[in-house]
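Asks: Requesting a structural model of the entry that follows:
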Amino acid sequence: MTHSLLNASLTRGNSLALPTDLAWNAAGTRGYVAAFGSSRVGVIDQSGAVLGRIEVGGGPSGVVVDETSGALYVVNRFDNTISVVDLGSELQTNVIAIGKTGFDPTPKSEAPFAGGRG
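Replies: Residues are numbered from 1 along each chain as shown. Presented below is the predicted three-dimensional model:
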């Protein structure tokens, strides 16, 4: 099989590489897949067919659907941000910084090497 460079670019541009998390709407008809290696969230139906792609920050690793506020929240590991996506338009509407070094919920006493290597 021969692939042209154009086809390879289109395929790479549409990829949903390294899926890390999945969240469904309450009806179970629309799913949102964090694609860690693609800097986007895939939108899927019940059969797994891709309906769309949402551009977000680098390394999306977690997704939460909040239908009350009409938003999808996406944790972007590489950017240390949370993308806010409008569920109606399926577009990123806001980016929230979660700190210069990110947020690690591990208690200091439980963190590896908490007291140093010594």
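Asks: Whichever helix or strand Thr20 is part of: how far from the chain's middle?
Replies: Counting by DSSP states H and E, the element that carries Thr20 is strand 19-24. In terms of Cα atoms, centre = their mean, to the nearest Å, the centre of strand 19-24 is found 8 Å from the chain centre.
Asks: partners of the following helix or strand past that strand, with directions?
Replies: Counting by DSSP H and E, the element after strand 19-24 in chain order, helix or strand, is strand 31-35. When sheet partners are counted by DSSP bridges, strand 31-35 sits next to strand 19-24 (antiparallel), strand 40-44 (antiparallel).
Asks: Please spell out which residues along the longest one are buried.
Replies: Right, strand 19-24. Within strand 19-24, the residues scored as buried using 16 or more other Cβ atoms under 10 Å are 19-21, 23. For every residue, glycine as well, the C-beta is placed using N, CA and C.
Asks: Show me which of these is closest to Leu91.
Replies: Distances from Leu91 to the buried residues of strand 19-24, taken as Cβ to Cβ, are shortest for Ala23 (17.2 Å).
Asks: show me what contacts the closest one?
Replies: Ala23 makes contacts with 31-32, 63-65, 72, as judged by Cβ atoms under 8 Å, 6 or more residues apart in numbering.
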